[in-house]
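What shape does this take:
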Amino acid sequence: MRNIGNAVFTGRPAARVALLTHSTSPRGGHVHTLGLGEALHRAGESVHLFALGTQLYREVDLPHTLVPGPRREGTTLTERTLDGIERLATALAARITEFDVLHAQDCIAARAALIARERTGAAVSVLRTAHHVDDFTTPVLVDCQRRAITEPDRVLVVSRMWRDILARDFGVGATVVPNGVDLARFASVVPAERTGGFLLLAVGGIEPRKGSVHLIRALARLEDPAPELVVVGGHSFQDFAPYREAALAEAAELGVRVREVGTVSDAELAGWYAAAAGDGALVYPSTAEGFGLVPIEAMALGVPVVASDLPVFREHLTDGVDALLPPVGDDEALAAALRRVITEPALRDSLRTAGHTTAARFTWADAAEAHRAIYAELARTPAL
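Take a look at the predicted model:
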């Protein structure tokens with residue numbers, strides 16, 4: 001028996017598990033998959049990652065197989081989705097007898113797992129973690145997402161809000177297993193170079209769900225000197241180029257400085273967190289999230305957080321205690337919260353202290369132990 005963090009493992013693998021993800025970019029679902037997979041692997045579990053892509057965004061302590069993803073140029077989102085499902089399903093079908101549980105982390109991976117099982121007739125269970133539900137509009141994608149939620153043998157979510165949404169909208173009972181933070185990912189930190197002044201760090205790119213336009217309009221309301229806004233990330237399966245271009249054009253018209261860094265390594269992300277932990281803050285005014293892993297990462301590294309008053313954030317954040325949570329989509333309220341965090345050093349100190357306590361509640365070791373029990377249950381009663 002071994003103690004891993006706060007969890008206790010018996011040393012005997014609960015099941016042979018394939019972790020499935022549609023991407024290799026550092027988006028929330030993929031970051032979750034790697035963190036969970038590494039915690040399971042280090043604890044002696046039999047786990048193997050399958051991901052669509054040519055290179056993982058960071059080195060991992062996890063056995064893995066990369067499946068070349070669909071071509072982006074000249075294709076629609078529908079075409080890329082269906083192509084990704086087929087590619088991953090084909091790769092899984094060839095090795096499906098090696099596993100007891102196929103654990104999918106997204107719509108594409110779940111459909112691929114279900115198709116691979118149907119084609120082979122393998123006695124394997126399909127588990128789905130639904131991080132959030134996308135607002136697809138095309139019939140093919142809407143149907144794909146629905147089936148990826150309703151057809152797996154069991155469904156997990158990372159928050160109570162999404163558990164309630166899946167029950168209400170899909171008639172599916174889901175189990176909540178929260179995310180975790182692995183500070184070892186950020187062990188080697190060299191603060192990123194900045195231009196001076198107060199640093200506002202936004203992680204996730206410029207896209208509708210991240211509330212980017214609201215942030216730009218809020219910044220335009222602040223008095224001089226305006227803070228430096230650095231935007232990290234931006235790679236997505238969907239194409240948000242029109243939204244991004246319109247947002248940047250509006251920023252230029254309003255005189256808001258936006259510095260896009262793009263997709264970065266874990267070491268570079270740690271550097272930006274370190275820079276914001278000094279004279280800065282994380283700003284995360286999302287309009288929808290599955291859990292909100294970025295604020296927890298930032299809190300763990302001593303960065304004050306301004307997010308938005310989403311129900312999913314209120315499950316683990318308290319306005320005015322460990323974060324500032326202005327109403328969703330309220331530019332004026334967001335500006336007021338930013339003004340406070342910029343001008344009140346004592347507030348930043350209190351947010352850092354409380355935020356560190358909040359982040360400490362979320363570990364991958366605890367998440368791994370919860371998953372391990374679920375894997376064991378599914379392995380005992382495989383779908384036929």
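
ranges for the helices of the stretch 201-350 of the chain?
212-220, 241-254, 266-277, 293-300, 311-314, 331-343, 345-359 (DSSP state H, counting those that start in this stretch).

and what of the stretch 51-200 of the chain?
77-95, 107-120, 139-150, 160-170.

so of these, which one's packed in deepest?
Of the helices of the stretch 51-200 of the chain, the one with the most neighbours on average (mean count of other CB atoms under 10 Å) is helix 107-120, at a mean of 24. Any C-beta I mention is one placed from the backbone N, CA and C, and that applies to glycine too.

now for that one, which elements pack on it?
strand 16-21, helix 77-95, strand 101-104, strand 125-129, helix 139-150 (3 or more CB pairs under 8 Å, 6 or more residues apart in numbering; DSSP states H and E).

these two touch, right, residue 357 and residue 318?
No: if you go by CB atoms under 8 Å, residue 357 and residue 318 don't touch, sitting 10.9 Å apart.

Please verify my assumption that residue 230 contacts residue 198.
No: with contact defined as CB under 8 Å, residue 230 does not reach residue 198; the gap is 11.2 Å.

Tell me who's in contact with residue 211.
285-287, 308, 328-329 (CB atoms under 8 Å, 6 or more residues apart in numbering).

looking at the protein, which residue ends up farthest from its center?
residue 224 (33.7 Å; CA atoms, centre = their mean).

Any figure for the gap between residue 265 and residue 57?
Counting by CB to CB, to the nearest Å, the gap between residue 265 and residue 57 amounts to 7 Å.

Likewise for residue 173?
Counting by CB to CB, the gap from residue 173 to residue 57 is 33 Å.

go on, residue 13?
27 Å.

Could you do residue 39 as well?
18 Å.

now residue 301
For residue 301 relative to residue 57 (CB to CB), the value is 19 Å.

Looking at these two, which is more packed in?
residue 301 (23 against 19; other CB atoms under 10 Å).

Without its sequence neighbours, what residue ends up closest to that one?
Once flanking residues are discounted, residue 301 sits nearest to residue 273: 4.4 Å by CB to CB, 6 or more residues apart in numbering.

Please identify which of the helices of the stretch 51-200 of the chain is closest to residue 181.
Across these, residue 181 has its closest neighbour in helix 160-170 (19.2 Å, CB to CB).

got any ranges where the stretch 101-250 of the chain has weak pLDDT?
The model of the stretch 101-250 of the chain has pLDDT under 70 over residues 188, 234-239.

mind running it again at 50?
In the prediction, the stretch 101-250 of the chain carries no residues with pLDDT under 50.

ok, now which ones touch residue 320?
Contacts of residue 320 (CB under 8 Å, 6+ apart): none.

From residue 110, how far off is it?
38 Å.

Repeat that for residue 71.
22 Å.

And for residue 293?
20 Å.

so residue 23 sits right up against residue 55, yeah?
No: here residue 23 does not reach residue 55: they are 11.5 Å apart, not a contact under CB under 8 Å.

Compare neighbour counts for those two and give me the winner.
residue 23 (22 against 8).

Which residue, other than its chain neighbours, is closest to the more buried one?
Nearest non-adjacent residue to residue 23 (CB to CB, 6+ apart): residue 30, at 5.2 Å.

Test my guess that the one you found contacts residue 36.
No: applying CB under 8 Å as the test, residue 30 and residue 36 come out as separate, 10.7 Å apart.

which one of these two has more residues nearby?
The neighbour comparison of residue 30 against residue 36 (other CB under 10 Å) goes to residue 36, with 26 against 21.

Who are the contact partners of that one?
Residue 36 neighbours (CB under 8 Å, 6+ apart): 19, 180, 364, 367-368, 371.

what's it sitting at in phi/psi?
Residue 36 has phi and psi values of phi -60, psi -50 when expressed as degrees, to the nearest 10.

Report pLDDT for it.
If you check residue 36, the pLDDT there is 96.

do the same with the one 3 residues further on
Residue 39 is assigned a pLDDT of 95 by the prediction.

Surely it forms part of a helix?
Yes: judged by DSSP: H, G, I helix; E, B strand; the rest coil, residue 39 forms part of a helix.

in stretch 324-332, what's buried?
324-326, 328, 330-331 (16 or more other CB atoms under 10 Å).

now stretch 60-67
Those would be 60, 62, 64, 67, for stretch 60-67 by 16+ other CB under 10 Å.

Kindly reformat the residues you listed as a markdown table containing distance to residue 84.
As requested, these are exported to a markdown table (distance: CB to CB, whole Å):
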| residue | distance to residue 84 |
| --- | --- |
| 60 | 21 |
| 62 | 21 |
| 64 | 17 |
| 67 | 9 |
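
Tell me the one of these nearest residue 313?
Closest to residue 313, out of all of these and judged by CB to CB, is residue 60, at 28.1 Å.

ok, residue 348 - contacts?
Applying CB under 8 Å, 6+ apart, the residues contacting residue 348 are 281, 304, 341.

can you rerun that using 10 Å?
Residue 348 is in contact with 277-281, 302-304, 340-342, counting by CB atoms under 10 Å, 6 or more residues apart in numbering.

do residue 179 as well
28, 31-32, 35-36, 131, 158-159, 290-293, 296-297, 316, 362-364, 367.

Stretch 134-149: how far from the chain's middle?
20 Å (CA atoms, centre = their mean, to the nearest Å).
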